[in-house]
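# Quick one: sequence and predicted model below, then my questions.
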Amino acid sequence: MTSSERRTVPGGLVWFDEPTPPRATEQLSRERIVNAAVELADDQVPGEITMRALAARLGVRSPMALYRYVGSKDGLVDLMTDQVYGQISVPQGHGWRHALQGLGRTGWDAVQRHPWFARLAFSRPPMGPNALHVYDTALAELEPLGLDATTRMGFINTALGHVLGSGLALLEEQAMRARVGLHSDSDLEAAAAPYLERIAAAGKHPHFISWATDPQRLAPEPQSFEQVLEWLLDGLATLLPPEDRPPA
């Protein structure tokens, strides 16, 4: 298959063909397009963008001019998600748990800055250079444990899955709040109060009502991202050989 034939495959990853983008102009380059796309997605609550809106942001008359630099809308998604993978880091030299803690925490920081990343990361395989660096570095930190290939990747995907799952929940919550106008927790509590009062008066779901009316239910914050990450790592530690498990 020739290079030109490979580039006609619908939905092909931009990394597979690595077409050389045209020479940068004052208005356009691959870097400028990707940066503008990330900024545009950050400005939209659902994080969804169109090539037409992106062209307008860049001051370009036709969206078709952008395709010469990114190949396709899918190619743009590949580039956007890999740019955010570049914000995730894996600490080295301090053991597997410290490595996955760092992956999880920097990943959570990244999805809080760019909630749309969690949705797009599930839509395209993580094959860009930044994504591969994250996986390669994490696998290197797991190498001394002597685990099989499936389990090593399972460790990484457990931590990264927590990042992306939490990011999707954040994205959907932000979209819901924008849609219905409940911008703060106090707004949501005020809207729900009459409904909960009716449930309580009817004697329904008493255990839930007892929890919902407990003033200490959020002190300390339940199931923070960091707490759940530690629980997950505790569970992964049970798969290690006895000599590599932390002391009880």
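On my side now, so go ahead. The structure presented is a predicted model; accordingly, all values stated were derived computationally and were not measured.
# Which parts of this protein belong to which domain?
For the chain, automatic domain parsing gives the domain ranges 3-84, 86-181+218-244.
# And residue 153, which helix or strand is it part of?
Using DSSP states H and E, residue 153 sits within helix 149-180.
# Now that helix: buried residues?
Across helix 149-180, burial judged by 16 or more other Cβ atoms under 10 Å covers 152, 155-156, 158-160, 162-164, 166-168, 170-171, 174-175, 177. Glycine gets a C-beta too; all of them are placed from N, C-alpha and C.
# same check, this time on stretch 72-92
Buried-residue list, stretch 72-92, by 16+ other Cβ under 10 Å: 72-85, 87-91.
# SS state for residue 93?
The three-state label for residue 93, taken from DSSP: H, G, I helix; E, B strand; the rest coil, comes out as coil.
# shaky segments in this structure?
Counting by pLDDT under 70, the chain shows low-confidence ranges at 1-11, 18-19, 24, 222, 244, 246-248.
# In it, mark out all the strands, start to finish.
In the chain, no strands are defined using DSSP state E.
# got a list of contacts for stretch 76-89?
Residues outside stretch 76-89 that contact it (Cβ atoms under 8 Å, 6 or more residues apart in numbering) are 13-15, 30, 33-35, 37-38, 41, 51, 54, 66, 70, 102-103, 106-107, 109-111, 113-114, 117, 120-121, 123-124, 126-131, 133-134.
# what about the helices in this protein?
With DSSP state H as the definition, the chain shows helices at residue ranges 3-6, 14-17, 30-43, 51-58, 64-70, 73-85, 96-113, 116-123, 129-142, 149-180, 185-201, 206-212, 225-237.
# Just send the ones you listed back as CSV, with distance to residue 245 too.
Formatted as CSV, the helices of the chain follow (distance: least, Cβ to Cβ, whole Å):
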stretch, distance to residue 245
helix 3-6, 47
helix 14-17, 38
helix 30-43, 41
helix 51-58, 50
helix 64-70, 47
helix 73-85, 30
helix 96-113, 11
helix 116-123, 31
helix 129-142, 15
helix 149-180, 14
helix 185-201, 39
helix 206-212, 35
helix 225-237, 6
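# picking that back up, got a ChimeraX select line for the buried ones in the contacts of stretch 76-89?
Selection of buried members from the contacts of stretch 76-89 for ChimeraX, criterion 16+ other Cβ under 10 Å:
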select :13,14,15,30,33,34,37,38,41,51,54,66,70,102,103,106,107,110,111,114,117,120,121,124,126,128,131,133,134
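# And the residue nearest the centre of the chain, how far from residue 32?
In the chain, the residue lying closest to the centroid (Cα atoms, centre = their mean) is residue 118, at 2.9 Å. Relative to residue 32, residue 118 is positioned 25 Å away (Cβ to Cβ, to the nearest Å).
# Understood, closing this out.
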